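In: A predicted structure for the sequence below; I have some questions about it.
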Amino acid sequence: MTRYSDLVQEHFERPRNVGEIPNPDAEAVVSNPACGDTMHLYLRIEGDRIVEAKFKTMGCPAAIAASSVTTEMLIGRRIEEALAITRAEVSAALGGLSPQKVHCSVLSEDAIKAALRRYRPRQTEG
Amino acid sequence: MTRYSDLVQEHFERPRNVGEIPNPDAEAVVSNPACGDTMHLYLRIEGDRIVEAKFKTMGCPAAIAASSVTTEMLIGRRIEEALAITRAEVSAALGGLSPQKVHCSVLSEDAIKAALRRYRPRQTEG
Amino acid sequence: MRQVYLDHNATTPVLPEVLEVMLRYCRDDFGNPSSVHRYGRRARVAVDEARDAVAALLGAPAASIVFCSGGTEANNTILQGVAAALKDKGRHLVTSQIEHPAVLDTCAYLETQGYRVTYVPVNADGIVEPEAVAEALTEETILVSIMHANNEVGTIQPLAEIARLVRERGILLHTDAVQTFGKIPTRVDELGVDFLTFSGHKLYAPKGVGGWYARPGTPLRPLIYGGHQERGRRSGTENVAAIAALGKACELAARDMAREAARQLQLRQALEHGLRERIPAVRIQGEAAPRLPNTTNVAFAGVEGETLLMSLDLQGVAVSTGSACSSGSLEPSHVLKAMGVPAEFLHGALRFSLGRSTTREEIEYVLAILPGIVERARALSPAATP
Amino acid sequence: MRQVYLDHNATTPVLPEVLEVMLRYCRDDFGNPSSVHRYGRRARVAVDEARDAVAALLGAPAASIVFCSGGTEANNTILQGVAAALKDKGRHLVTSQIEHPAVLDTCAYLETQGYRVTYVPVNADGIVEPEAVAEALTEETILVSIMHANNEVGTIQPLAEIARLVRERGILLHTDAVQTFGKIPTRVDELGVDFLTFSGHKLYAPKGVGGWYARPGTPLRPLIYGGHQERGRRSGTENVAAIAALGKACELAARDMAREAARQLQLRQALEHGLRERIPAVRIQGEAAPRLPNTTNVAFAGVEGETLLMSLDLQGVAVSTGSACSSGSLEPSHVLKAMGVPAEFLHGALRFSLGRSTTREEIEYVLAILPGIVERARALSPAATP
Ligand SMILES: Cc1ncc(COP(=O)(O)O)c(C=O)c1O
Ligand SMILES: Cc1ncc(COP(=O)(O)O)c(C=O)c1O
């Protein structure tokens, strides 16, 4: 019964910001044990603003699309703003997810929170 | 689920010996209250032999065919032989009746028995 | 030989436009709607669109429609399903004496399972009187099932009035609308029902598809479990081609309903008047009652219906003695018995059910041959039953 | 774009010869088999002939075949029907962990009704071991239900051996043969079963038709009551066109079975060898077990099946991640879990199911595009799960 919106389709075919950030300012790996989906989120942060976001995800097309759209949403936001992103916003940014696929947006929200809650600004060296 | 054999069809389309015998030697009217079928059987008997048989029947095609074939079977038989006719023979003479239509052959057997059991040879006058 | 089909209440041919839809989903877009790939997605869209078309004809939300294999399964699901779901609330059902076997036999089964069923009688016109239904209701009653129109005589039941009396008691109401769906309006809110049964093959869609409407929130245990199709309410791979065909048939029915109803009614009246004029001792069942425009049940005293049917068939005319599925049974029609049809007419009934293909010439052909057929059958008949 | 359909275990297109039969009974000989007139009689003959064709494929008497709406309804009828008929004898059923939801969900329903069900495990090859079934039998066991071949991985179960152990205890044996009927031999006496389920849309007949074999004399309460069709064992107007089509499909299956099985097996092996050669970390489920000639279930470590499926779909290839009806669910396949497939493969399975239309070119096309698709998905995947 799964169907994907055009936006999911588009992000799945051409995911944005795929890859790793070497030595990232923040990162998290979250998984959903039930469906086996795993998302690794990498962030580069300057001041209190996210300047780069990348991901690697193993999951269904909706999970990949959710990861992709999440990185787009993150880039340019303040940490406070990023922490306020909800699964509903991720889902909405994809044109809505079917009930069976809502858990994919949960994964994104979880990854954002896990990465940013652990984030401590680096001490300026010297 | 009713289907009719070719013989039933043939007797239904061209029933033999339809009509009444005025002043018959034997006759009977039998009905099946459940299905409403009614058969009126008329016989002319000479000595102990049936020389003429006619019928009128209200009933389904199988009942009409059974009446028709019954008159054919009766003509030329001895009374003893006629009394021995069974529903199975009537049914067989029509190429077999479906379970739903077996009751039509019962009507014929009943009519034969009712007519002949009541039969008493006429006293020769004078 | 001329072929005249006047048995549309038994089943209908699939219309050409409907058949085309069927072909498409058998041959090209043949996917399983549960499949994720494009074949599956196209099939899913077809099922969704058909659901919209059915819903439109019922004035109901699409989500309240469930597809299954036909009217019989739908009736079984609702009667067995409500009975199971509400068994702790009560174990009494009310129905009428003139329902289709799909309702009556299911009720008989429920009676073996500890339920009690009241079979409300009908008046001489074949109408279930709303007060009679009201009187049958008890504290234990969980469901009332009254058909929308009777398949054998065509009488249309006063559902809105029955609904008022039943639902003010908080009791659920089901209607078997197999014979009305597509022929006359069947908006669930006008009828006031909680459940409604429909079937494809009575409105020029194929056999093997039908379904039910269930008012949102009503309790219903499924009859068939499995792959969670139809949101778990009826499992089993969807009969996509037939469902899509039914959707198309619903569109055509909606488009042509008023025109066809008027046209068929006129032909039916011509048939009735013609038969009365030409044949003595004729009786039209439920003549005074509101009836389906396409249906008339005519009895001929002193003859047997199947004999007339076979004689007509030999001349190319297809009619029925009553419902198709009771044909061949020993007993006279339970519907005519419930209506108190006099004995001399009880065995001599024919049902003529007209359809889209029916023409005035066909009616005239029947009027030309039937008098002779009845005469011959009456001539075969014993003068008087002693 | 090239269209390659490799999801024949989900459903098949209707073959042209089969479609022709369907058309005839939708358009011309559209009668209701219960009708007495010639339209009805022709429909009745069609149903009878189809029953003979099904019976021939099962090596069973025609009277032992009952038609219904499909495999799901047939499974429900047998499980619910035997359970109800024998409830005074015992309330324990035995089945396997890899059955189709139409069996598993019906068992779950029966568990809510006071029955106990044992779900026998399978070995790593996806085979139900006969001894495991025998061990599960108790004094209370009334029915054992073991599928003939699994729909997701294609493993063929040792039914004859299971039958010996079950039937020497006087217990009834059912098999869901939906995936084998028409593909490999399914003679009921060779399988040793008392009940067998079949479905039309897996062998190039339409959806919405199927049925069951019941050994004469076996007890079975009907699921659906009504007009006494199918000798009262399954009421409802017969789906004549689909039944006749199924009959035709059975004839074609019987005619071509050996040839098609050999041909599809060769193509499947080419697919399996090609995938192994071109893609690392591939696992073929049940590889050592006897399997359906048309089915292979291949898992790719570290990726998610639906992502592969969608990528293939974008290039015109239709496959499945498992059974069609579990698609979209969160959980990995219950079949792969029961087989103990290692975690890294559990979410990355694709089912390829070949059919009559499958060509070597199609297999080569898949072999050309799938390595890149897997590579891309693996590149998206986090390097290592912590
Ligand atoms: C009033 C009524 N209810 C139910 C049915 C059964 O529907 P189906 O033939 O789709 O099983 C019929 C006709 O057969 C009918 O006329
Ligand atoms: C093994 C098995 N059993 C039962 C079914 C259900 O049959 P149907 O789709 O005819 O309801 C299927 C397929 O859907 C199946 O593969």
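Out: Perfect, I can see it now. Ligands and ions are numbered 1, 2, ... in the order given.
In: Based on its surroundings, how many neighbours for residue 97?
Out: Just so you know, I chose chain A. 25 (other Cβ atoms under 10 Å in any protein chain shown). (Each C-beta comes from the backbone N, C-alpha and C, glycine too.)
In: My question was about chain C, not that one.
Out: 15.
In: same question, C:T359
Out: Neighbour number of C:T359 under other Cβ under 10 Å is 12.
In: can the longest helix along chain A be found next to chain C?
Out: When chain A is parsed with DSSP state H, its longest helix is helix A:102-117. No. With Cβ under 8 Å from any Cβ of the partner chain as the criterion, chain C is not reached by helix A:102-117; the gap is at least 14.6 Å.
In: Would you map the strands across the stretch 1-150 of chain C?
Out: Taking DSSP state E, counting those that start in this stretch as the criterion, the stretch 1-150 of chain C contains strands spanning C:4-5, C:65-68, C:92-96, C:116-120, C:141-145.
In: Out of those, flag the one nearest ligand 2.
Out: Comparison of those against ligand 2 by Cβ to the nearest ligand atom identifies strand C:65-68 as nearest, at 11.6 Å.
In: near chain D, anything from the closest one?
Out: Yes. Counting by Cβ under 8 Å from any Cβ, chain D has neighbours in strand C:65-68: C:C68.
In: Flag every residue of chain A that's near chain D.
Out: Counting by Cβ under 8 Å from any Cβ, the residues of chain A near chain D are A:1-2, A:4, A:12-13, A:15, A:18, A:20, A:29, A:31-32, A:34-40, A:56-61, A:63-64, A:98, A:100-101, A:103.
In: For ChimeraX, write the selection for the buried entries among these.
Out: Selection of buried members from the residues of chain A next to chain D for ChimeraX, criterion 16 or more other Cβ atoms under 10 Å in any protein chain shown:
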select /A:1,2,4,12,15,18,29,31,32,35,36,37,38,39,40,56,57,58,59,60,61,63,64,98,100,101,103
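In: and the residues of chain A next to chain D near ligand 2, which?
Out: Applying Cβ under 6 Å from any ligand atom to these, one finds that nothing falls near ligand 2.
In: shaky segments in chain C?
Out: C:323-330, C:383-386 (pLDDT under 70).
In: Where is the longest helix in it?
Out: helix C:240-278.
In: Enumerate the positions of that one that are buried.
Out: Buried, per 16+ other Cβ under 10 Å, within helix C:240-278: C:240-253, C:257, C:260-261, C:263-264, C:267-268, C:271-272, C:274-275.
In: one step back: residues contacting the longest helix of chain A, please?
Out: Applying Cβ atoms under 8 Å, 6 or more residues apart in numbering or on different chains, the external contacts of helix A:102-117 come out as A:26-32, A:34-35, A:37, A:39, A:41, A:43, A:55, A:59-60, A:62-63, A:65-67, A:69-70, A:74, A:79, A:82-83, A:85-88, A:90-91, A:94, A:97, D:330.
In: Show me these that map onto helices.
Out: A:62-63, A:65-67, A:69-70, A:74, A:79, A:82-83, A:87-88, A:90-91.
In: ok, which pair from those is furthest apart?
Out: A:A62 and A:I79 (26.4 Å; Cβ to Cβ).
In: out of these two, which sits in the more crowded spot?
Out: A:A62 (30 against 21).
In: tell me the contacts of that one?
Out: Here A:A62 is in contact with A:2, A:4, A:8, A:12, A:94, A:97, A:101, A:104 (Cβ under 8 Å, 6+ apart).
In: The second one contacts A:F12, correct?
Out: Yes. Between A:Y4 and A:F12 there is a contact under Cβ atoms under 8 Å: 7.2 Å.
In: Mind listing the shared neighbours of the two?
Out: By Cβ under 8 Å, 6+ apart, the residues touching both A:Y4 and A:F12 are A:61-62, A:65, D:310.
In: C:E238 touches C:V45, doesn't it?
Out: No. With contact defined as Cβ under 8 Å, C:E238 does not count as touching C:V45 (12.0 Å).
In: So these two - more neighbours on which side?
Out: The neighbour comparison of C:E238 against C:V45 (other Cβ under 10 Å) goes to C:E238, with 28 against 14.
In: what secondary structure does that one sit in?
Out: coil (DSSP: H, G, I helix; E, B strand; the rest coil).
In: That one and A:S98, how far apart?
Out: 18 Å (Cβ to Cβ, to the nearest Å).
In: ok, for C:E131, nearest residue in space, not its chain neighbours?
Out: C:L165 (7.8 Å; Cβ to Cβ, 6 or more residues apart in numbering or on different chains).
In: Which positions within the longest helix of chain A qualify as buried?
Out: For helix A:102-117, using 16+ other Cβ under 10 Å, the buried residues are A:102-112, A:114-116.
In: pLDDT and distance to C:N32 for those residues - can I get that in TSV?
Out: Listed next are those as TSV, based on pLDDT from 0 to 100; distance: Cβ to Cβ, whole Å:
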residue	pLDDT	distance to C:N32
A:V102	85	24
A:H103	85	24
A:C104	86	24
A:S105	87	27
A:V106	90	29
A:L107	92	28
A:S108	94	31
A:E109	94	33
A:D110	94	33
A:A111	96	34
A:I112	96	37
A:A114	95	39
A:A115	96	40
A:L116	95	43
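In: Grab the two from the residues you listed that are most spread out in space.
Out: A:V102 and A:L116 (21.9 Å).
In: Tell me which residue of chain C lies closest to ligand 2.
Out: C:T237 (3.1 Å).
In: Check the buried residues of helix C:240-278 one by one and keep those near ligand 1.
Out: Okay, of the buried residues of helix C:240-278, nothing touches ligand 1 (Cβ under 6 Å from any ligand atom).
In: my guess is the residue nearest to C:E131 meets C:P130, correct?
Out: Yes. Here C:L165 reaches C:P130: they are 5.6 Å apart, a contact under Cβ under 8 Å.
In: More neighbours: which of the two?
Out: Neighbours were counted for C:L165 and for C:P130 using other Cβ under 10 Å; C:P130 has more, 20 against 17.
In: show me the residues around that one that make contact.
Out: Counting by Cβ under 8 Å, 6+ apart, the residues that C:P130 touches are C:158, C:161-162, C:164-165.
In: Apply 10 Å and report the result again.
Out: Residues counted as contacts of C:P130 (Cβ atoms under 10 Å, 6 or more residues apart in numbering or on different chains) are C:120, C:146, C:157-166.
In: With respect to C:F345, which of the buried residues of helix A:102-117 is nearest?
Out: Nearest member of those to C:F345, counting by Cβ to Cβ, is A:V102, at 64.5 Å.
In: List the single closest residue to C:R42 in space, sequence neighbours excluded.
Out: C:D29 (4.3 Å).
In: wait, doesn't the one you found sit right on D:Q3?
Out: No. The pair C:D29 / D:Q3 is not scored as a contact, 11.4 Å apart, by Cβ atoms under 10 Å.
In: between these two, who's got more neighbours?
Out: C:D29 (19 against 10).
In: residues in contact with that one?
Out: Contacts of C:D29 by Cβ under 10 Å, 6+ apart are C:38-43, C:45-46, C:240-241, C:244, D:13.
In: Let's see that with 7 Å instead.
Out: C:39, C:42-43, C:46 (Cβ atoms under 7 Å, 6 or more residues apart in numbering or on different chains).
In: do A:R16 as well
Out: Counting by Cβ under 7 Å, 6+ apart, A:R16 has contacts A:68, A:71-72.
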